[in-house]
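Asks: got a predicted model here, sequence first, then my questions.
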Amino acid sequence: MDSVRAAVVAGSFYPADPNELTTMVRKYMALVRGTFNAVVPKALIVPHAGYIYSGQVAARAYARLLSARGRLDRVVLIGPSHLIPFHGLALSSAEAYETPLGRVPIDKVAVQTLRTMHNITVRDSVHAQEYSLEVHLPFLQETLGFFNLIPIITGDASPEEVAEVLEKMWGGPETLIVVSTDLSHYLDYESCRAVDASTVQAIESYHVDGIDHAQACGIVPIRGLLAVAHRKSLKVITLDVRNSGDFTGQHNRVVGYGAWALLEQSPANGVGGETEENNKNGNDERGTTLLSLHGETLLHIAAASIRHGLYYGRSIPLDLNAFPPMLCQACASFVTLNRAGQLRGCIGSSQAWRALVEDIAENAFEAAFADPRFRPLLRHELSELEVSVSLLTEPQRITFCNQDDLLAKIRFGIDGLLLEDQGHQGLLLPQVWEQIPEKKDFLASLKRKAGFSPHYWSPTVNIYRFTACSIKNADLPNPTGLWKTSVETS
């Protein structure tokens with residue numbers, strides 16, 4: 001092979017123009033409002049179809065790497081061979097993989113180490129036209145910047161053969177493993193969802209033999225990763241499962257896509273595990289600290305953005321240099337407006353993806369003027385307006401067998417809930433328990449918020465829990481002063 005493996009699906013699976021490609025990747029990252037401050041995964045399972053079909057699902061996984069830029073500098077990328085059948089695993093002799101965003105150097109030392117192992121050889125012909133690795137590189141380039149690549153394509157290999165290779169390349173916090181796969185192929189929409197739901201259960205339970213080739217084209221690397229993950233007690237988090245019908249509207253022959261993050265559960269080099277206890281206590285402590293130190297500032301930002309919106313029709317621009325560093329870190333927030341005891345607007349971010357002060361300013365403006373349930377706020381309503389700012393912990397997926405099992409696991413008065421299914425999403429904050437004190441009613445209201453009927457149920461429903469801490473202007477020494485002060489603007 002030439003010293004550089006050239007891009008072969010640029011212009012078909014993703015844009016060939018670097019500016020257009022960067023714009024597309026960033027658009028998908030913004031759409032999922034990625035978990036910028038989430039725990040950095042040790043491994044990801046990500047789809048490899050054309051970006052218009054699977055890009056948003058892939059972005060859900062890659063958004064979790066944004067906080068690791070500069071720390072993760074070694075990526076083991078392993079995917080299936082679609083074009084050339086062979087036995088074992090295949091390496092490349094190239095010095096770099098190329099995309100429209102530039103060249104990614106191959107870790108030659110790692111390649112030499114792997115060449116000494118059984119059943120893995122250099123097969124340039126396998127790499128030459130295979131797309132299962134290439135499509136991931138622009139996302140990795142955008143999120144990580146510089147990194148060294150270890151590209152591996154799998155043929156006919158056992159889970160233990162793949163696991164042995166992954167163990168050899170495991171490394172420390174500098175190394176990420178990415179498994180490339182799509183899910184079921186060319187089924188009707190409902191059949192695809194049912195098959196993919198069983199694949200989700202198998203992956204979440206490390207069931208190596210619970211997935212066959214009809215369920216995932218990357219079955220070989222998936223099985224190898226699950227074998228290692230089980231031995232190392234990695235935590236598996238399902239991030240997103242959809243299919244091409246969700247993006248094209250064509251439901252007769254669809255392809256399934258899924259994204260998973262696998263986390264090391266014991267802290268290492270600042271990277272810890274995600275647990276319910278962290279979600280309820282550790283991250284809550286961060287929100288409580290933020291509100292105790294800067295809650296009044298956040299309320300003033302919300303009020304200033306609403307006033308600015310009345311005059312200029314947009315949220316207030318902020319100079320981040322004018323605020324303490326902790327207010328410029330990514331944090332998920334909601335701004336809720338009430339007037340005369342009635343909801344007047346509520347908009348927010350379910351996941352952290354931008355500076356907290358910017359999130360508050362934008363959400364306050366949208367709650368006042370862009371909540372589709374209400375007409376835009378009028379100036380005379382300001383004096384009667386109650387403003388509440390809520391800071392959210394990162395949503396954690398709830399594993400359940402059926403709706404009754406889900407209801408049993410929901411924590412009354414504690415959990416906020418996020419529902420995702422068929423491209424629809426609905427969220428209720430924990431304080432909604434004050435108005436809806438029954439679990440069944442709370443879940444029914446969540447379904448309505450997502451655009452479903454109260455009786456809707458599907459095996460592909462994903463439910464996430466989070467907690468929140470809040471402050472409102474009534475808590476301030478001078479609540480009406482909220483509308484008379486200003487904040488620094490750019």
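Replies: Structure's in. What do you need? Numbering: from 1, shown residues only.
Asks: quote the end-to-end distance of stretch 434-443.
Replies: One end of stretch 434-443 to the other measures 14 Å (C-alpha to C-alpha, to the nearest Å).
Asks: low-confidence regions, the chain specifically.
Replies: 1-2, 33-38, 266-284, 485-490 (pLDDT under 70).
Asks: most remote residue from the middle of it, which is it?
Replies: residue 380 (40.2 Å; C-alpha atoms, centre = their mean).
Asks: gap between the nearest residue to residue 155 once chain neighbours are set aside and residue 386?
Replies: Using C-beta to C-beta, 6 or more residues apart in numbering and skipping residues adjacent in sequence, the residue nearest residue 155 is residue 86, 3.9 Å away. Just so you know, the C-beta spots here come from the backbone N, C-alpha and C atoms, and that holds for glycine as well. Going from residue 86 to residue 386 by C-beta to C-beta, to the nearest Å gives 66 Å.
Asks: swap in residue 464?
Replies: 28 Å.
Asks: neighbour count winner among these two?
Replies: Counted by other C-beta atoms under 10 Å, residue 464 and residue 386 do not tie: residue 464 has more neighbours, with 21 against 16.
Asks: beta partners for the more buried one?
Replies: Residue 464 has the following beta-bridge partners by DSSP bridges: residue 397, residue 418.
Asks: look at the residue nearest the centre of the chain and give its secondary structure.
Replies: Centroid-nearest residue in the chain, with C-alpha atoms, centre = their mean: residue 60, separated by 3.3 Å. At residue 60 the chain is in helix, as set by DSSP: H, G, I helix; E, B strand; the rest coil.
Asks: quick one, what contacts it?
Replies: 32, 34, 239, 240, 259 (C-beta atoms under 8 Å, 6 or more residues apart in numbering).
Asks: out of the residues you listed, which are inside strands?
Replies: Using DSSP state E, 239, 240, 259 are the members of those that sit in strands.
Asks: measure the second one to residue 419 for me?
Replies: This means residue 240. Distance from residue 240 to residue 419, by C-beta to C-beta: 13 Å.
Asks: now the first one
Replies: As for residue 239, its distance to residue 419 is 15 Å (criterion: C-beta to C-beta).
Asks: ditto for residue 427
Replies: Where residue 419 is concerned, residue 427 sits at a distance of 8 Å (C-beta to C-beta).
Asks: next SSE downstream of the top helix by length along the chain?
Replies: In the chain, taking DSSP state H as the definition, the longest helix is helix 283-312. Counting by DSSP states H and E, the element after helix 283-312 in chain order, helix or strand, is strand 332-339.
Asks: I'd guessed residue 75 sits against residue 145; true?
Replies: No - counting by C-beta atoms under 8 Å, residue 145 is not a contact partner of residue 75; they are 11.7 Å apart.
Asks: look at these two and report which has more neighbours.
Replies: residue 75 (24 against 11).
Asks: so who does that one touch?
Replies: Residue 75 neighbours (C-beta under 8 Å, 6+ apart): 140, 144, 147, 148, 149, 150, 175, 176, 177, 178.
Asks: mind checking which of the residues you listed are in strands?
Replies: Per DSSP E, those map to strands at 148, 149, 150, 175, 176, 177, 178.
Asks: the last one: how many residues sit nearby?
Replies: It refers to residue 178. Neighbours of residue 178 (other C-beta under 10 Å): 26.
Asks: am I right that it is in contact with residue 47?
Replies: No - counting by C-beta under 8 Å, residue 178 does not reach residue 47; the two are 11.2 Å apart.
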